[in-house]
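K.L.:
Here you go, sequence then predicted model.
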Amino acid sequence: MADANAATETADLVCDRLVRRFGDTRAVDEISLSVPAGSFFSILGPSGCGKTTLLRLLAGFDRPDDGDILIRGERMNEVAPNRRPVNMVFQHLALFPTMSVADNIAYGLKRQKVAAPERRRRIAEVLEQVGLPGMEDRNPQQLSGGQRQRVALARCLVLRPTLLLLDEPLGALDLKLREQMKVELKHLQKAFGTTFVYITHDQSEAMVMSDQVAVMRQGRFDQVASPETLYRHPETPFVAGFVGDNNCLAGTVVAQDDGQVTLDLADGSRVRGMAASPDLQPGQPAQLFVRPESLSLVATTAAGEAALPAQVVTTLFDGANSRVELTAAGQVLFARLPQDGSAPSLDAGQTLALQWQPSLARVFAGAPA
Amino acid sequence: MSRWLPKVYLALVYGLLYLPILVLVVFSFNRSRTGYSWDGLSLHWYQSLFNNHAMVQAMWNSLWLALAAATVSTLIGALTALALHRYRFRGKRVLNGMLFVVMMSPEIVLAISLLALFLLVGLQLGFVSLLLAHVTFCLPFVVITVMARLSGFDERLPEAARDLGASEFTMTRTVLIPVIAPALLAGWLLGFTLSLDDVVVSTFVSGPSYEILPLRIYSMVRVGLKPEVNALGTLLLVCSLMMLMLSQWILTRSKR
């Protein structure tokens, strides 16, 4: 309990076993989290995992059935949305169509009874910060998607909230602009020092911007960690499959030795990886995850080191992300094709062998879902 | 030939629409007593109209009634539309359907049933009965106009307003009403026009204490039309044109 109190003191947002039920389903199922002040926290999950419900609980549009929401140590459960030190950037931005850019940004300031000269000064300042200086008199409809995005951010940031909630705000933008906004959002967050809680189903958005990412599934967090930890040390098969590209090989455990597990695949070939589940017994079904960039392609003639024979299906050229599709033991795999001239020339149907460092592969108990 | 045909056609259509109105306007300035021969320019019939006390009284009565009916039906209609749009409740579909029933049912049916109702509850026929009747048939038009506007309304806007610190009341005042304002205005104007020129329902539910313009004109036609009516028609035309222009001006301003 002492630990919990210490965490509460430095955290802007704490959720304690939060529950929200709709009928028999638990959209948010005993979620606990703690977001340190000034950090960028993402909640990543497929659609329908409950992340939007969680965000609406934080904003105050919905009430939890159980558990507590604490913002800077104050309990927020019954506080109305207009009385929370929290602002939200909506998925479709929800800019007021009957108001100019300046009036949109002034909306929250007016509710706080900030005097007109001070309002004008702060609006000009925040527009400068989001890169839209002098845009006060424009109408939101006249702006491009990226500009509207910035107005929506400015409308919240001008109020200097303790917590800024972002509900997939980049979803409506085209790919190029989205890449650009990812970087910009990260810079803005650092510049303002505001705590961001960002929800998305796009793992790349979460990975690029966040200090911490919570991977959510069916109302629960599978894992909360830094992007790099999620990528390198996923704790569940779901995280391994959802975060970044990954290959999954299903097999049966034959041996476990000092954390290293050997699996038998359907065709009798043997593969090895590090145990990620605590209870891997020989004879159990298990799945091995190995990233496309961890695989190296070798000619079958190179005997000695254990290797997985595979057939080339096709190559997929995509610049630095070029890959080759292979089948091994009846399962589909992708391997990255290095573009530095070291990759062998490949033909469809060609047989070769795949090798990887066992320390880069992770083995989970259970058959693939 | 083929170049002229569309223009002739267009002239014909517009001529058919506006020639009667033009005749009315022209003859309102005619000095002739008989009305259907040109006898020189005069404002005589305007003067005579304003000296006709009963007529002026009927005009004011009609204007008041139309103002009241339009305002009351806009208030009730806007609230009904909001309720139908925002909430799910038992009987919502029935209520929605009933609005169309009122709109589509023959006016004479509405007139008879309203009269029967007023007699049943013992309501004195006059301003109040007229107002209730007019609100009844204006209401569906307002509800449908406002609902059409609300169907394109972003449900996140009220939430965004609340999130930025607005109370429910402030949100309604600063976000909801500005967005539906054009529909409110359109509904109000529709109600005003419908009320101003209604004859059928009014015939049944008006009493001797409160005479309104359409009924007054209607009774005049039967004993022989005086050119005063032309003058009155011209004045009403100018009034409605001005209101149309005003509403257009407000609508374009709100869109900006």
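P.N.:
Perfect, I can see it now. Numbering: from 1, shown residues only, chains lettered A, B, ... in the order given.
K.L.:
which regions of the stretch 1-150 of chain B sit below the pLDDT cut-off?
P.N.:
Within the stretch 1-150 of chain B, the stretches with pLDDT under 70 are B:1, B:34-36.
K.L.:
Could you find the closest non-adjacent residue to the residue of it found nearest chain A?
P.N.:
Closest residue of the stretch 1-150 of chain B to chain A, C-beta to the nearest C-beta: B:Arg149 (12.0 Å). In short, each C-beta sits where N, CA and C put it, glycine included. Of all residues not flanking B:Arg149 in the chain, B:Ala183 sits nearest, at 3.6 Å (C-beta to C-beta, 6 or more residues apart in numbering or on different chains).
K.L.:
What helix or strand is the residue of the stretch 1-150 of chain B closest to chain A located in?
P.N.:
Using DSSP states H and E, B:Arg149 sits in helix B:127-151.
K.L.:
Now do that helix: which elements does it pack against?
P.N.:
helix B:53-86, helix B:92-104, helix B:107-121, helix B:177-196, helix B:200-205 (3 or more C-beta pairs under 8 Å, 6 or more residues apart in numbering or on different chains; DSSP states H and E).
K.L.:
That helix versus helix B:177-196: what angle between them?
P.N.:
Taking axes from the mean of the first three to the mean of the last three C-alpha atoms, to 10 degrees, helix B:127-151 and helix B:177-196 form an angle of 140 degrees between their directions.
K.L.:
For helix B:127-151, which residues meet the burial criterion?
P.N.:
Buried residues in helix B:127-151, counted by 16 or more other C-beta atoms under 10 Å in any protein chain shown: B:127, B:129-147, B:149-150.
K.L.:
Then stretch B:240-256?
P.N.:
Within stretch B:240-256, no residue is scored as buried using 16+ other C-beta under 10 Å.
K.L.:
Show me the contact partners of that stretch.
P.N.:
With C-beta atoms under 8 Å, 6 or more residues apart in numbering or on different chains as the test, stretch B:240-256 has contacts from A:98, A:139, B:178, B:181-182, B:185-186, B:189, B:192-193.
K.L.:
Switch these over to a markdown table; also include distance to B:Val199.
P.N.:
As requested, the contacts of stretch B:240-256 are arranged in a markdown table below (distance: C-beta to C-beta, whole Å):
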| residue | distance to B:Val199 |
| --- | --- |
| A:Thr98 | 39 |
| A:Asn139 | 45 |
| B:Pro178 | 37 |
| B:Ala181 | 31 |
| B:Pro182 | 29 |
| B:Leu185 | 26 |
| B:Ala186 | 23 |
| B:Leu189 | 19 |
| B:Phe192 | 16 |
| B:Thr193 | 13 |
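K.L.:
Drop anything exposed from those residues.
P.N.:
In these, burial by neighbour count holds for A:98, A:139, B:182, B:185-186, B:189, B:192-193, counting by 16+ other C-beta under 10 Å.
K.L.:
rewinding a little: residues in contact with whichever helix or strand comes after the helix holding B:Arg149?
P.N.:
Using DSSP H and E, the helix or strand that follows helix B:127-151 in sequence is helix B:156-163. Helix B:156-163 has contacts (C-beta under 8 Å, 6+ apart) with A:59-61, A:80-82, A:86-88, A:90-92, A:94-97, A:107, B:168, B:170-171, B:174-176, B:179.
K.L.:
could you show me where the helices are in the stretch 201-350 of chain A, in order?
P.N.:
Using DSSP state H, counting those that start in this stretch, the helices of the stretch 201-350 of chain A run over residues A:203-209, A:227-232, A:237-242.
K.L.:
Could you pick out the residues of chain B near chain A for me?
P.N.:
Residues of chain B that fall close to chain A, judged by C-beta under 8 Å from any C-beta of the partner chain: B:154, B:156-157, B:159-167, B:170, B:174-175, B:178-179, B:254, B:256.
K.L.:
if we go to 7 Å?
P.N.:
For chain B, the residues in contact with chain A (C-beta under 7 Å from any C-beta of the partner chain) are B:154, B:156-157, B:159-160, B:162-167, B:170, B:175, B:178-179.
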